[in-house]
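In: here is a sequence with its predicted model. Questions after.
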Amino acid sequence: MSRRVEGQGPDMDRILRRETRSSRAVVATAAAVLVMVLAAYGLLEAAVHAIGQPAWLIEPQVAAERLVALPAGIPPLLLGAIGAVLAMAGLVFLLNGILPGRRARHLMGGGRDAAGPAVVVDDEVIASSLARRARLAANVTPEQVMVVVSRRQVVVNVRPTSGVPVNQDAVLAAVRSEVDAMALDPLPEVRVNVATSGVIGA
């Protein structure tokens, strides 16, 4: 998938950030729902206790006493498991809050520095184009080439046909030429791996 973005100035930068970075809406919504559920349960238990009815799960006073008494009354293994789960959940929320959260997309045609419109392209589309160029340079079938595109790197894996050597430098030059022609932002480094074992040709 590719998107053509027209415009200049701050609005252009905002649109490009939105197109290339993942949203925090899912994580923020999950955190808000979790807090709301816990708060609603706390209010419910407090209301039930106030009218003299038995608690749904545990009396607020009893829950507070058990929290103060921790880790007494809980097996060490269970306590460690609960702590690990809470630590992992906290780490997920923390990393989602501080990391940039980028989508698998690149800017094409010079990106933000280009005078004209910017084109946002999925990495899968870039990988497909580079795989075709690598396949032609290596003279192999589409099934023998796999391309992985990340933000800073393009990895081309080629399985040659048995008895037919593959010129690794030629494949590398062809893929680099294609990447340069795309003018990707950020510009990834290209790496080509040729498998030592070949496949039987059709």
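Out: It's in.

In: and the helix or strand hosting residue 33, what does it pack against?
Out: Here residue 33, judged by DSSP states H and E, is contained in helix 25-50. Based on contacts counted as 3 or more Cβ pairs under 8 Å, 6 or more residues apart in numbering; DSSP states H and E, the elements that helix 25-50 packs against are helix 60-69, helix 76-98. Just so you know, the C-beta spots here come from the backbone N, C-alpha and C atoms, and that holds for glycine as well.

In: nearest to residue 200, out of those?
Out: Between residue 200 and the helices and strands packed on helix 25-50, the shortest separation by Cβ to Cβ is 45.6 Å, and it involves helix 76-98.

In: avg pLDDT for that closest one?
Out: Taken as a whole, helix 76-98 has a mean pLDDT of 84.

In: what's the first helix or strand after it?
Out: Taking DSSP H and E, what comes next after helix 76-98 is strand 105-108.

In: quick one: the helix holding residue 33 to helix 76-98, angle?
Out: With axes from the mean of the first three to the mean of the last three Cα atoms, to 10 degrees applied, the angle from helix 25-50 to helix 76-98 works out at 130 degrees.

In: mind starting the numbering at 121 from now?
Out: New numbering, starting at 121: the last item is helix 145-170.

In: sorry, back to before: let's have the helices and strands packed on helix 145-170 in a markdown table, adding distance to residue 279 and mean neighbour count.
Out: Below are these laid out as a markdown table (distance: least, Cβ to Cβ, whole Å; neighbours: other Cβ atoms under 10 Å):
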| stretch | distance to residue 279 | mean neighbour count |
| --- | --- | --- |
| helix 180-189 | 59 | 11 |
| helix 196-218 | 36 | 11 |
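
In: would you reformat the ones you listed as CSV and include distance to residue 273?
Out: As requested, the helices and strands packed on helix 145-170 are arranged in CSV below (distance: least, Cβ to Cβ, whole Å):
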stretch, distance to residue 273
helix 180-189, 48
helix 196-218, 21
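
In: and residue 286, which of the ones you listed is closest to it?
Out: Relative to residue 286, the nearest member of these by Cβ to Cβ is helix 196-218, separated by 40.1 Å.

In: alright, calling it a day.
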